[in-house]
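Undergrad: have a look at this prediction, sequence included:
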Amino acid sequence: MAGATTSAALGRALRRYVDAPLVARLFVHGRAFLSDFAVIERYVPRKGFVVDLGCGYGLFACVLRETSPTRRVLGIDRDPRRIAVARGAIKDTQWLRFETGDIVTEAPPRCDAVTIVDVLYLLPLEQQERVLRSAAGALGEGAPLIVKAQEARRDPRYALTYAQELVTTGLGLTRRGRERFFFPSREEALAMFERAGFLVDVVEMPRRPYTDVLYLARRAPAKA
Ligand SMILES: C[S@@+](CC[C@H](N)C(=O)[O-])C[C@H]1O[C@@H](n2cnc3c(N)ncnc32)[C@H](O)[C@@H]1O
């Protein structure tokens, strides 16, 4: 039943983009098809203030709202064109907002949960760690950070992960300013989360042809 509820919510979230430019509409439909937002959404608290870092066109933020009316969501992205499309998708602005911002240099506001979906690989590892540290600064002890990312591994699925990103950036669907991607190994990622102040579990994304994982992190107690 939860699955049916989430796919109905995904349908409602997509309908918010009927007036968006064609490229943005195609992109959000592609994300809906490829990204398993329903799986990620299940790990996000149903109540409280959630900040989605690197929200893109805002589809996941809309899904978070559509699946639970007691979530307030803020999406942040550095691309003003994406934020303009995201803003066009909302009327419930007291519950859902989008802001332009750089998640590496600007800290998110205090919140109950942070989500980061398919963003970190665009940033060098030291910048990924800065993002995790500023997420930690926004969260209270025990509060969750949910990150969907891809791992570097000796696995044919890693080659597919990399190839898919080359195609989407080649088509201009994912913007980046550098010549490569930054997929950490699991060991590197776990060490980064721990240094940033999180306790973390890893969940493999089911039925995925890529090396997709969810890092389910919780803000660790401050050291005495
Ligand atoms: C592959 S898209 C994913 C978008 C969205 N999270 C989703 O799942 O549909 C990556 C996004 O990260 C954003 N991004 C990359 N670096 C960023 C930074 N330093 N600050 C804010 N956003 C950033 C890009 O603009 C892009 O919208």
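TA: Nice, I can see it. Numbering: from 1, shown residues only.
Undergrad: helix/strand/coil for the residue in the chain positioned nearest to the ligand?
TA: Going by CB to the nearest ligand atom, the ligand is nearest to Gly56 of the chain, at 2.7 Å. Where C-beta positions appear, they are placed from N, C-alpha and C, glycine not excepted. Per DSSP: H, G, I helix; E, B strand; the rest coil, the secondary structure class of Gly56 is coil.
Undergrad: OK, contacts around it?
TA: Phe27, Arg31, Asp77, Asp79, Arg82, Ala86 (CB atoms under 8 Å, 6 or more residues apart in numbering).
Undergrad: and Val131, what does it touch?
TA: Residues near Val131 by CB under 8 Å, 6+ apart: Leu53, Ile103, Val104, Ile116, Leu120, Leu123.
Undergrad: and for the last one, the neighbour number?
TA: Spelled out, it's Leu123. As a burial measure, Leu123 scores 19 neighbours (other CB atoms under 10 Å).
Undergrad: next SSE after the lowest-mean-pLDDT helix or strand in the chain?
TA: Ranked by mean pLDDT, DSSP states H and E, the helix or strand of the chain with the weakest confidence is helix 156-170, at a mean of 69. Sequence-wise, the next helix or strand downstream of helix 156-170 (DSSP states H and E) is helix 186-196.
Undergrad: elements contacting that next one?
TA: With contacts taken as 3 or more CB pairs under 8 Å, 6 or more residues apart in numbering; DSSP states H and E, helix 186-196 sits against helix 125-138, strand 198-204, strand 212-219.
Undergrad: any chance of those in CSV with distance to Arg16 and mean pLDDT as columns?
TA: Below are the helices and strands packed on helix 186-196 laid out as CSV (distance: least, CB to CB, whole Å; pLDDT from 0 to 100):
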stretch, distance to Arg16, mean pLDDT
helix 125-138, 26, 98
strand 198-204, 28, 95
strand 212-219, 25, 96
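Undergrad: so which of the ones you listed is the most packed in?
TA: A comparison of the helices and strands packed on helix 186-196 by mean neighbour count, using mean count of other CB atoms under 10 Å, puts strand 212-219 on top with a mean of 21.
Undergrad: and this protein, which residues reach the ligand?
TA: Within reach of the ligand by CB under 6 Å from any ligand atom, the chain has these residues: 31, 35, 54-56, 59-60, 77-79, 82, 102-104, 117-119, 122-123, 174-175.
Undergrad: helices - which of those residues land there?
TA: Counting by DSSP state H, the part of these found in helices is Arg31, Leu59, Phe60, Arg82.
Undergrad: closest one to Glu41 out of these, please.
TA: Phe60 (7.8 Å; CB to CB).
Undergrad: wait, what's in contact with that closest one?
TA: Contacts of Phe60 by CB under 8 Å, 6+ apart are Arg31, Ser35, Phe37, Ile40, Glu41, Asp52, Gly75, Thr115, Val117.
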